[in-house]
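K.L.:
Predicted model, plus sequence, below.
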Amino acid sequence: MSDDNSSLVHVRNLKKYFPITRGGIIQRHVGDVKAVDDVTFDIIRGETLGLVGETGSGKTTVGRTILHLYTPTAGQVIFNGINLTQLKENELRKMRRQMQVIFQDPYASLNPRMTVGSIISAPLEVHKIASGKEKQDMVQELLRMVGLNPDFVNRYPHEFSGGQRQRIGIARSLAVVPDLVICDEPISSLDVSIQAQIVNLLEELQDRLNLTYLFIAHDLSMVRHISDRIAVMYLGKIVELADRNEIYLHPVHPYTQALMSAVPVPDPDIAKKRQRIILEGDIPSPANPPLGCNFNTRCPFVKDNCLKEDPEYREVKSQHWAACHFVEDFI
Amino acid sequence: MENLLEIKDLRTRFDTEDGIVHAVNGISYTMGHGDLLGVVGESGCGKSVHALTIMRLIQSPPGRIESGEVWFDGRDLLKLSSDEIRQVRGHEIAMVFQDPMTSLNPVFTVGFQIVEALQLHKGMDTNQARDRAAELLTLVGISGAKQRLDDYPHQFSGGMRQRAMIAMALSCEPKLLIADEPTTALDVTIQAQIVDLVRRLQQNLGMAVMWITHDLGVVADLAEFINVMYAGFIIERGPVRLIFKETRHPYTLGLLRSLPRLDEAPGTKLVAIPGLPPDLIALPKGCPFYVRCTFRIEKCQDENPSLEPADSSQHFVACWRWQEIASRSIQ
């Protein structure tokens, strides 16, 4: 992994375990949900890194642990040269001015009792960026920037549609002019025709404000559209990371191959022709992942070694990382 | 051969405090025995309500079926008594819902819930019904079915619950299976399993399937015919290939353009449909897509086009300008 200045974020051996406890008053620690289990990657300045994976693969936890909304169990997050793991709470809060998040659910992530104006101006007040008339002007400018009428400042969230609410969420996260925006499934709850509006807006804002995105989603076709590089997660680990086209055209990990082949293509001619790999079974529980390679319960190419040894996550081609013992067979 | 299902001018309304919601606005179509029909549209387009209307599952009040006929196997379902329609539901037309978490009863075992249907509709005794239930679970790909009959829904994963729902729906060998967004809550690799399963069942059992979804990718792969719905109208209908390759309605065209394509060049912008769907309480007089349409002319504002045959048989479209779209004189 490159250590040059082009990276905005270095994530090194990051782990986040949630303890499982038993007992009422005196709790015993009986195990861990290994939501994120030793992931290492960089986010390059100005890029969009797509992070995909199925439910329970740990993609949202990665995003939140980078922001230190969850304290990492182990590993490091180095943001703009600063090791976040060593910061105190008040120092972290200052850092968060540079790292913002857009949430999945535009209904739950906006306070229904606050007006749009006060929602968007809250980060400006918290970080003491602006007040009074200046603040009001900034809020109006932000609303214009995300394609909403600036006269809407005194309205409440329930007066807006899902897509418009997502625009409000975007305006709020951009109010502090961050470097990194973690987009946690920002379009999953929206209708198809509205999704395209939001994706276009995110791309436009990225160009204008020089933003870096970590784009978390499970819709692979949209992720491929918006991302420069894509990381695929499975059961708490990154199994493959490469350039968007490389990972779509030449996936080397059997899970990525199955995932790509399962993406529905809105074209009946292509859909009829292509080979689909149907995986058997479900994703195992992260509280009790299989020994060896964590994909061995569903992998169509499983061999003896996969049941014993955890494959190393390594650079298998230039700028293409994967974790599989038999990658060379798939290249 | 005679049609399995023939719907004529179906209209469903909901009386609410804010006014009358025009959910389904005079739709007509037919489905043959063993057909695989995809019904596509965004939230609030009436796709689910129209299916519930067929099943007579609209709660009244506030809902009411204002007019129309639903001919199924020689009978008008809207004229049946409530006892008669209960014999049709589950027995001749079965339905699978979106959320496998809430459509199974959490306090009964999965086996009990399938057995119940078999006893009710098929008059089997408990042992016969249990054997048949195990067979059905095996058919939908649940291994160790005999043991799993005594599991509760929470012991099943999301994909397995949806399989159990399908098993239950198949228990009485229905002539028509209505699947309302059956894979929306599931991950793509699990979705691929379910799509594969339904296609196999349709081929092997010869049952007709109506697959309701917002995902054009899924129906491109699965369906033979497609109804595209917007604001309670069918605005385009035809064989899957014509809908995708010889699209005639601006809305369908807009939906397809707002999706990222696999062969797109880097940096391609999505073409979003501007604006929002109309308010179903105050539907416009003319074409419901008028305000968002890039091809609109004055006539569209005043007169709503009806669904008429387009340039090939079986292909229907509700647009004044479909000929110009076909000849690509407008794009």
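P.N.:
The structure has been received and is ready for your questions.

K.L.:
Now the closest residue to chain B within the stretch 1-150 of chain A. Nearest residue, chain neighbours left out?
P.N.:
Per C-beta to the nearest C-beta, residue A:54 is where the stretch 1-150 of chain A lies closest to chain B, at 3.9 Å. Where you see a C-beta, it was placed from the backbone N, CA and C, and this is true even at glycine. Nearest residue to residue A:54, sequence neighbours excluded (C-beta to C-beta, 6 or more residues apart in numbering or on different chains): residue B:187, at 3.9 Å.

K.L.:
for residue B:99, helix, strand, or coil?
P.N.:
Per DSSP: H, G, I helix; E, B strand; the rest coil, the local secondary structure of residue B:99 is coil.

K.L.:
in the sheet, who's paired with the residue most central in space within chain A?
P.N.:
Centrality entry for chain A: nearest residue to the mean C-alpha point is residue A:216, 2.9 Å, by C-alpha atoms, centre = their mean. In this entry, residue A:216 is beta-bridged to residue A:51, residue A:184, by DSSP bridges.

K.L.:
measure it to chain B for me?
P.N.:
Distance, residue A:216 to chain B, using C-beta to the nearest C-beta, to the nearest Å: 14 Å.

K.L.:
That residue contacts residue A:188, correct?
P.N.:
No - between residue A:216 and residue A:188 no contact is recorded; they are 9.5 Å apart, counting by C-beta atoms under 8 Å.

K.L.:
With only the CA atoms kept, save the helix of greatest length in chain A in CSV.
P.N.:
For chain A, the longest helix by residue count, based on DSSP state H, is helix A:192-209. Extracted in CSV, the C-alpha atoms of helix A:192-209 (Å, rounded to 0.1, in the frame of the first residue of the first chain):
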residue,chain,number,x,y,z
VAL,A,192,-34.7,4.8,-9.1
SER,A,193,-35.5,8.1,-10.8
ILE,A,194,-34.5,10.0,-7.6
GLN,A,195,-31.4,8.0,-7.0
ALA,A,196,-29.9,9.3,-10.2
GLN,A,197,-30.6,12.9,-9.1
ILE,A,198,-28.8,12.4,-5.8
VAL,A,199,-25.8,10.5,-7.4
ASN,A,200,-25.5,13.4,-10.0
LEU,A,201,-25.6,15.9,-7.1
LEU,A,202,-22.9,14.0,-5.1
GLU,A,203,-20.6,13.9,-8.2
GLU,A,204,-21.1,17.6,-9.0
LEU,A,205,-20.4,18.6,-5.4
GLN,A,206,-17.3,16.4,-5.4
ASP,A,207,-15.9,18.3,-8.4
ARG,A,208,-16.8,21.6,-7.0
LEU,A,209,-15.6,21.2,-3.4
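
K.L.:
Show me what that helix is packed up against.
P.N.:
Contact analysis of helix A:192-209 by 3 or more C-beta pairs under 8 Å, 6 or more residues apart in numbering or on different chains; DSSP states H and E lists helix A:162-174, helix A:220-226, helix B:250-257 as its packing neighbours.

K.L.:
Please say whether there is contact between the first one and chain B.
P.N.:
It stands for helix A:162-174. Yes - interface with chain B: helix A:162-174 contributes residue A:163 (C-beta under 8 Å from any C-beta of the partner chain).

K.L.:
all strands of the stretch 101-250 of chain B, in order?
P.N.:
B:176-180, B:208-213, B:225-230, B:233-239 (DSSP state E, counting those that start in this stretch).

K.L.:
Distance to chain A, mean pLDDT and mean neighbour count added to these, as a markdown table?
P.N.:
Below are those laid out as a markdown table (distance: least, C-beta to the nearest C-beta, whole Å; pLDDT from 0 to 100; neighbours: other C-beta atoms under 10 Å in any protein chain shown):
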| stretch | distance to chain A | mean pLDDT | mean neighbour count |
| --- | --- | --- | --- |
| strand B:176-180 | 15 | 93 | 24 |
| strand B:208-213 | 10 | 94 | 24 |
| strand B:225-230 | 10 | 96 | 25 |
| strand B:233-239 | 9 | 96 | 25 |
